[in-house]
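Engineer: 3D model of this:
(chains A and B)
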Amino acid sequence: MSGKTKSGLIKSSIGKKVFMGLTGLFLCLFLAGHLAGNLQLLLPADVARDQFNAYAKFMTTNPAVKLLSYLTYFSILFHAVDGLYLAWQNKQARPQAYYKKDDAANAGWASRNMAVLGTLLLVFIVLHMKSFWYEMHFGAVPVYGSIEHGELKDLYTLTVSAFKQWWYVLIYVVSMAVVGFHLWHGFGSGFKSLGISHPVYTPLLNGFGKGFAVVVSVLFALLPVYIFLTSLN
Amino acid sequence: MSSKTMRLNLKIWRQKGPKANGKMVDYTLNEVNPEMSFLEMMDVLNQQLVERGDEPVAFDHDCREGICGMCSMFINGRAHGPMTGTTTCQLHMRHFNDGDTIVIEPWRASAFPVIKDLMVDRSAFDRIIQAGGYISVNTGSAPDANALPIPKENADMAFDAATCIGCGACVATCKNASAMLFVGAKVSQLSLLPQGQPEREERAIRMVEQMDKEGFGNCTNTGACEVECPKGISIENIARMNREYLRAKLVQK
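Structural biologist: Reported below is the predicted structural model:
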């Protein structure tokens, strides 16, 4: 072999997948944190309002959290752009489709639909950020004075009133199912893209990833359903 | 030997040449012996086509004993047909039923252009091997046992990877037409052995670059390739190639 080759990691197929894995797994960590914060919505209403709003204030003002949030925005954007580009390349690799292809014979449904699931998630993220992130940062969320925490933006009431609408709850539940399927394959796949494969640990990681997918999506979906049901009384 | 014969409806991709437009053509074949291999069934069809004065169906085949990797047929939506761990020549007609319709297509990938009918050009694989799937110096004839200490596990893994026959079923079945299982096996077989060490980094980088240049897709880790591989090559080889490539990118001077 002669002549060194030096091209950037990101230009190669494997490099692009490595970045998909890194950003995807970081976003799994983000989801775990996001979920833990959201679970405060399950507290009794009188406690939850102050606690959730104080938490929201901390999450939007603390410099360390800010730094993490920039990393999260970057990861979402990079994961989306890289993923869509990879999907486009994959389409180019087979310009003529098979007359008959038995896709289910050798691969799981989630693994075959990552790009579609991811695109749906991107749409959901835009909607979700418009509803809460944008309102919290730039919108007119009413401010009130709490005894314990001082001035707070009332994100809690905004959230609770949003989930009083059944169709809004439905969008969230369906989107969380999409998250679940995306993670079902994505968690384990991310490690493989990073080159991590082990006879003992890989099956454990895959199992953990599937459990993570189910727990995260079900708990996330539970919140709007719980708020909707309690609002009926 | 069972003497009951079958009647089959075949839907076969016919394409006159690389630039021609192809189409699916229907054929009916009577008196197919269930003990025939799939390729023998194709021979019977071609014999009838020749006798009729029609153009026989072009398909690749060579050893017909499951080791050359030439017979590249996509049968009823699966590479090498419904059985796992076989090439098309080792698929027998007893796995089909009387009256079945069987769809037969060539491998579909932009890196594997159709030459004619069911034959595709798989020289992209050769160019990937030429890019780095070798050892540049003569390492001598087979060494004496235990002269070169190699852990048993590594020898086994290298051997398992080396069983790849380059048939292209992994590319054919992959939803992304990715060649990662093939390249993963070829990178692994050399990176696991002492003879492969001096060129380890360069090999991984060059083979991956050539793979990308040929226009194969990317890996989604669906695992379809290892299911369809006639030699049962593990998808672990893809993770190893990812590792080898990343490591090479980090340590190459």
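
Engineer: got a list of what the residue nearest to the spatial centre of chain A touches?
Structural biologist: Closest residue to the average C-alpha location of chain A: A:Leu31 at 5.6 Å, with Cα atoms, centre = their mean. Shown in contact with A:Leu31 (Cβ atoms under 8 Å, 6 or more residues apart in numbering or on different chains): A:Val179, A:Leu183, A:Val216, A:Phe220. C-betas here are computed from N, CA, C, even on glycine.

Engineer: could you redo the last one with a cut-off of 6 Å?
Structural biologist: Shown in contact with A:Leu31 (Cβ atoms under 6 Å, 6 or more residues apart in numbering or on different chains): A:Val216.

Engineer: same question, B:Trp107
Structural biologist: B:Trp107 is in contact with B:Ser72, B:Val120, B:Gly168, B:Ala172, counting by Cβ under 6 Å, 6+ apart.

Engineer: flag every residue of chain B that's near chain A.
Structural biologist: Selection of chain B residues close to chain A by Cβ under 6 Å from any Cβ of the partner chain yields B:24, B:77-78, B:103, B:105, B:108-110, B:132, B:136, B:175-177, B:199, B:202, B:205-206, B:208-209, B:212, B:215-218, B:221-224, B:227-228, B:236, B:239, B:242-243, B:245-246, B:249.

Engineer: which of those residues are buried?
Structural biologist: Among the residues of chain B next to chain A, those buried by neighbour count (16 or more other Cβ atoms under 10 Å in any protein chain shown) are B:77-78, B:103, B:105, B:108-110, B:132, B:175-177, B:199, B:202, B:205-206, B:208-209, B:212, B:215-218, B:221-224, B:227-228, B:236, B:239, B:242-243, B:245-246, B:249.

Engineer: where do the helices sit along chain A?
Structural biologist: Counting by DSSP state H, chain A has these helices, from start to end: A:13-38, A:45-61, A:63-92, A:109-112, A:114-128, A:135-137, A:155-162, A:166-193, A:201-232.

Engineer: now the helices for chain B?
Structural biologist: Using DSSP H, helices in chain B cover B:38-52, B:123-132, B:152-162, B:169-173, B:180-191, B:200-213, B:224-228, B:236-251.

Engineer: next, format the helices of chain A as a markdown table and append mean pLDDT.
Structural biologist: A markdown table is the format used below for the helices of chain A (pLDDT from 0 to 100):
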| stretch | mean pLDDT |
| --- | --- |
| helix A:13-38 | 97 |
| helix A:45-61 | 94 |
| helix A:63-92 | 97 |
| helix A:109-112 | 97 |
| helix A:114-128 | 98 |
| helix A:135-137 | 92 |
| helix A:155-162 | 95 |
| helix A:166-193 | 98 |
| helix A:201-232 | 97 |
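
Engineer: ok, which of those comes nearest B:Glu153?
Structural biologist: Nearest of the helices of chain A to B:Glu153, taken as Cβ to Cβ: helix A:201-232 at 16.0 Å.

Engineer: what's opposite the spatially closest residue to A:Asp50 that is not a sequence neighbour in the beta bridge?
Structural biologist: Closest residue in space to A:Asp50, ignoring its immediate chain neighbours: A:Ser146 at 4.8 Å, by Cβ to Cβ, 6 or more residues apart in numbering or on different chains. Beta-bridge partners for A:Ser146, by DSSP bridges, are A:Gly150.

Engineer: could you measure from A:Ser146 over to chain B?
Structural biologist: Applying Cβ to the nearest Cβ, to the nearest Å, the value for A:Ser146 to chain B is 48 Å.

Engineer: what's the per-residue pLDDT of that residue here?
Structural biologist: Note on A:Ser146: pLDDT of 88.

Engineer: what about it, how many residues nearby?
Structural biologist: 15 (other Cβ atoms under 10 Å in any protein chain shown).

Engineer: next: B:Cys89.
Structural biologist: Neighbours of B:Cys89 under the rule other Cβ under 10 Å: 24.

Engineer: repeat that for A:Gly180.
Structural biologist: Using other Cβ under 10 Å, A:Gly180 is surrounded by 21 other residues.

Engineer: likewise for the one 5 residues further on?
Structural biologist: By other Cβ under 10 Å, 26 other residues sit near A:His185.

Engineer: circling back to that earlier point, right, and the residue nearest to A:Asp50 touches A:Arg49 too?
Structural biologist: No: with contact defined as Cβ atoms under 6 Å, A:Ser146 does not reach A:Arg49; the gap is 8.2 Å.

Engineer: what touches both of the two?
Structural biologist: Common neighbours of A:Ser146 and A:Arg49, counting by Cβ under 6 Å, 6+ apart, are absent.

Engineer: so which bits of chain A are right by chain B?
Structural biologist: Looking at chain B, the residues of chain A close enough under Cβ under 6 Å from any Cβ are A:1, A:5, A:9, A:12-14, A:86, A:90, A:93-96, A:98-102, A:105-107, A:111-112, A:189, A:192, A:195, A:197.

Engineer: just the buried residues of these.
Structural biologist: A:12-14, A:86, A:90, A:93-94, A:98, A:100-102, A:105-107, A:111-112, A:189, A:192, A:195, A:197.

Engineer: for the residue nearest the centre of chain B, give me its contacts.
Structural biologist: With distances taken as Cα atoms, centre = their mean, B:Cys167 lies nearest the centre of chain B, 2.0 Å away. B:Cys167 makes contact with B:Gly69, according to Cβ under 6 Å, 6+ apart.

Engineer: now the one 3 residues further on
Structural biologist: Under the criterion of Cβ under 6 Å, 6+ apart, the contact partners of B:Cys170 comprise B:Leu181, B:Phe182, B:Cys225, B:Cys229.

Engineer: ok, now how distant is B:Thr173 from A:Lys17?
Structural biologist: Plainly put, B:Thr173 is 19 Å away from A:Lys17 if you go by Cβ to Cβ, to the nearest Å.

Engineer: more crowded one of those two?
Structural biologist: B:Thr173 (30 against 27).

Engineer: quick one on the thing from earlier: between the contacts of B:Cys170, which is closest to A:Ala54?
Structural biologist: Checking the contacts of B:Cys170 against A:Ala54 by Cβ to Cβ gives B:Cys225 as the nearest, at 51.3 Å.
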